[in-house]
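Student: this is a predicted model, with the sequence first.
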Amino acid sequence: MKHDYYYYTKEELTASPKIPLLVLKDSEAVFCAMAQEMAEEIRRKNALGERTVFICPVGPVGQYPYFVELVNRERISLKNVWFLNMDEYLTDEKEWIDADERLSFRGFMNRAVYSRIDQELVMPPKQRVFPDPRDPEAVQRLIGALGGVDICFGGIGINGHVAFNEARDDLTPAQFRRLHTRVLQISPETRTANAIGDLNGAIEDMPIWCITIGMNEIYHAGKVRLGCFRDWHRSVVRRAAYGEVSARFPVTLLQEHPDALIRMTEFVAKLPE
C-alpha cells in the first residue's frame, strides 16, 4: 500500500501537519534551538524560584555542547534543575551496561555534559537521573514528587519510537499511552539503525535489552520537543505529521499532545530532486 505523505514536497509537508513542524537551516540550527530552549526555560524557572524538570535524550546529542557553553558563559545555575534521561542500554542480565562502555548513555552524559559544566553551576548527582532496571517505577514516583515534567526533549527512531518506546502491533493508542517506564527488548530495526550510527554497522555487538521512560511520562510532559536531521528522518517526519495515530508508529500519539513540536532541517523537509 502506497502512502502519499511519504512523497510530500516541503510545501505539502508544512501545509497542515498534525504535529507542528519548524524547518531550520541545518542540524546546527536545530541543535542550537534545542539548547536555547533548554537555557531559556531554566532561566525562567530560576527567576520564579521554581525547579526545572526535563526529560533528556542521548540521541540526539548535538544540543549539549551548545547548552554547556550557554550555561558556563551566562552563569546559569542548574542547582534547581533535574535531568531525567530517557533510557539506557542493558546487559543480557538486564542490568545497566557499564558506564565506561562506548554505548553507555550514563557515560556520555558524565563525559560530555556534567563534567564540562562549571562545578558551581552543575546540578548535584541526585538530580541526574536514569531509569533503573531494578526499580522502573522510581521514575514515575519521582516525577510525581517533582510536580511533573516541564519539557521532554528527544528525537524519533526509524520505526517511530520516542525514547525506546518501540512500536507495538498488539496495543491501541490509548493502551500504548498508558505504558510507564519499563525494561524491554530492542527491535531489530532500532538495533540496525543504532549500529550504523554508533558501531559502524556492528549489529551483533548492539545490546538487545534496554530500559526506557514510558510513553505515559513523555506524553504528560508540559511540552515535547523533537529534533530531526538524518536522511531517513524524511519519511519519519512525514508519517509523524500525517500518518494515523497508532502504536505501530508511536510518535503519532503526539499528534494529540497540546504542545508538541518537531524541529527539522531543510534537508529533511525537502525530498531529493
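Tutor: Noted; the coordinates are in hand.

Student: how about the helices in the protein?
Tutor: For the chain, the helices defined by DSSP state H cover 10-13, 27-48, 63-74, 105-112, 137-146, 173-177, 188-198, 215-219, 233-242, 266-269.

Student: tell me, what residue is most central in this structure?
Tutor: In the chain, the residue lying closest to the centroid (C-alpha atoms, centre = their mean) is Gly154, at 1.9 Å.

Student: name the nearest residue to it, ignoring sequence neighbours.
Tutor: What sits nearest to Gly154 in space, not counting adjacent residues and going by C-beta to C-beta, 6 or more residues apart in numbering, is Pro57, at 4.4 Å. For glycine as for every other residue, the C-beta is placed from the backbone atoms N, C-alpha and C.

Student: and what of Leu146?
Tutor: Nearest residue to Leu146 in three dimensions, chain neighbours excluded: Val53, at 5.1 Å (C-beta to C-beta, 6+ apart).

Student: and what of Ala163?
Tutor: Residue nearest to Ala163 in three dimensions, not counting chain neighbours: Met86, with 4.0 Å by C-beta to C-beta, 6+ apart.

Student: for the one you found, phi and psi?
Tutor: The phi and psi torsions at Met86 (degrees, to the nearest 10) take the values phi -70, psi -40.

Student: check contacts around it.
Tutor: If you count contacts by C-beta atoms under 8 Å, 6 or more residues apart in numbering, Met86 has them with 55-58, 131, 154, 163-164, 212-213.

Student: what's the answer for Ser104, then?
Tutor: Each residue near Ser104 by C-beta under 8 Å, 6+ apart is listed here: 88-89, 96-98.

Student: again, only this time at 7 Å
Tutor: Under the criterion of C-beta atoms under 7 Å, 6 or more residues apart in numbering, the contact partners of Ser104 comprise 89, 97-98.

Student: for Val183, same thing?
Tutor: Taking C-beta under 7 Å, 6+ apart as the definition, contacts of Val183 comprise 90, 94, 133, 136, 209, 211.

Student: how about a cut-off of 10 Å?
Tutor: With contacts taken as C-beta atoms under 10 Å, 6 or more residues apart in numbering, Val183 has the following neighbours: 90, 94, 131, 133-134, 136, 164, 209-212.

Student: and for Arg225?
Tutor: By C-beta under 10 Å, 6+ apart, the contact list for Arg225 reads 22, 33-34, 37-38, 54, 63, 151-154, 259-263.

Student: rerun that using 8 Å as the cut-off
Tutor: The neighbourhood of Arg225, defined by C-beta under 8 Å, 6+ apart, consists of 34, 37, 151-154, 260-261, 263.

Student: do the same with Thr91
Tutor: Taking C-beta under 8 Å, 6+ apart as the definition of contact, the neighbours of Thr91 are 97, 207, 209.

Student: pLDDT at it, what is it?
Tutor: Per-residue pLDDT puts Thr91 at 98.

Student: any idea how far it lies from Leu103?
Tutor: Thr91 is 11 Å from Leu103, where distance means C-beta to C-beta, to the nearest Å.

Student: so for Lys2, what's the pLDDT?
Tutor: The predicted local confidence for Lys2 comes out at a pLDDT of 88.

Student: and Ala33, by the same measure?
Tutor: According to the model, Ala33 carries a pLDDT of 98.

Student: returning to what we had before: list the ones among the contacts of Thr91 that fall in strands.
Tutor: Helix and strand membership here follows DSSP state E; of these, those in strands are Trp209.
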